[in-house]
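*Asks:* what's the 3D shape of this:
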Amino acid sequence: MRCPRCEHLGSRVLDSRPLQNSKTIRRRRECESCGDRFTTYERVEERLPFVIKADGRREQFDRLKLVQGLQRACAKLPIPRLRLEEICDDIEAAISDLGVEEVTSRQIGESVMDRLRRLHPVAYVRFASVYRRFEDAGQFREELEKLGRG
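*Replies:* Numbers count the residues shown, from 1 in each chain. Below is the predicted model of the structure:
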């Protein structure tokens, strides 16, 4: 592991503990060269299916894109980052459990919207407005009415 301060390759693990999902380990490390302490996270790398985009392109599943989309939807809302990571973990597990080679971006988007609908109404509407490409206030109003009925 390369030290973020001096870029030395040697470090010593001071503490390790599993996170809530048990698939991630948090390690506290100390650089053998400069003594700087830093934290790393280790995750089991699962082979996830390719994502088929709306325009037909295929790309590797990218957790970072999922996290960033959730962060944008939840910006300035009282939602802890750990909760967003848990949502990402749930979605990744659901995709992995399908046991398929490809999944559509639509399937992922609907899964995100389902979880955001239960998490926070503002985050849900923010995500839906981008995902469904709302073009006017009427579409927002319709979505809010659906949310109020559901």
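
*Asks:* From Val112, how far off is the residue most central in space within the chain?
*Replies:* Ranked by distance to the mean C-alpha position of the chain (CA atoms, centre = their mean), the top residue is Val67 at 3.0 Å. Val67 sits 11 Å away from Val112, going by CB to CB, to the nearest Å. Placement of C-beta: from N, CA and C, glycine included.

*Asks:* before we move on, back to that, just the element for the residue nearest to the centre of the chain, please.
*Replies:* helix 63-73 (DSSP states H and E).

*Asks:* Send over that helix as CSV, restricted to the C-alpha atoms.
*Replies:* The C-alpha trace of helix 63-73 is given here as CSV (Å, rounded to 0.1, in the frame of the first residue of the first chain):
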residue,chain,number,x,y,z
ARG,A,63,-19.8,1.6,-8.3
LEU,A,64,-18.4,5.1,-8.3
LYS,A,65,-21.1,6.3,-10.8
LEU,A,66,-23.7,4.8,-8.6
VAL,A,67,-22.3,6.5,-5.5
GLN,A,68,-22.0,9.9,-7.2
GLY,A,69,-25.6,9.7,-8.5
LEU,A,70,-26.8,9.0,-5.0
GLN,A,71,-24.7,11.8,-3.5
ARG,A,72,-26.1,14.3,-6.0
ALA,A,73,-29.6,13.3,-5.2
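
*Asks:* Can you point out the buried residues in that helix?
*Replies:* Leu66, Gly69, Leu70, Ala73 (16 or more other CB atoms under 10 Å).

*Asks:* Then stretch 87-94?
*Replies:* Ile87, Cys88, Asp89, Ile91, Glu92.

*Asks:* now that stretch: how far from the chain's centre is it?
*Replies:* Distance, stretch centre to chain centre, for stretch 87-94: 8 Å (CA atoms, centre = their mean, to the nearest Å).

*Asks:* swap in stretch 70-81?
*Replies:* Stretch 70-81 sits 11 Å away from the centroid of its parent chain (CA atoms, centre = their mean).
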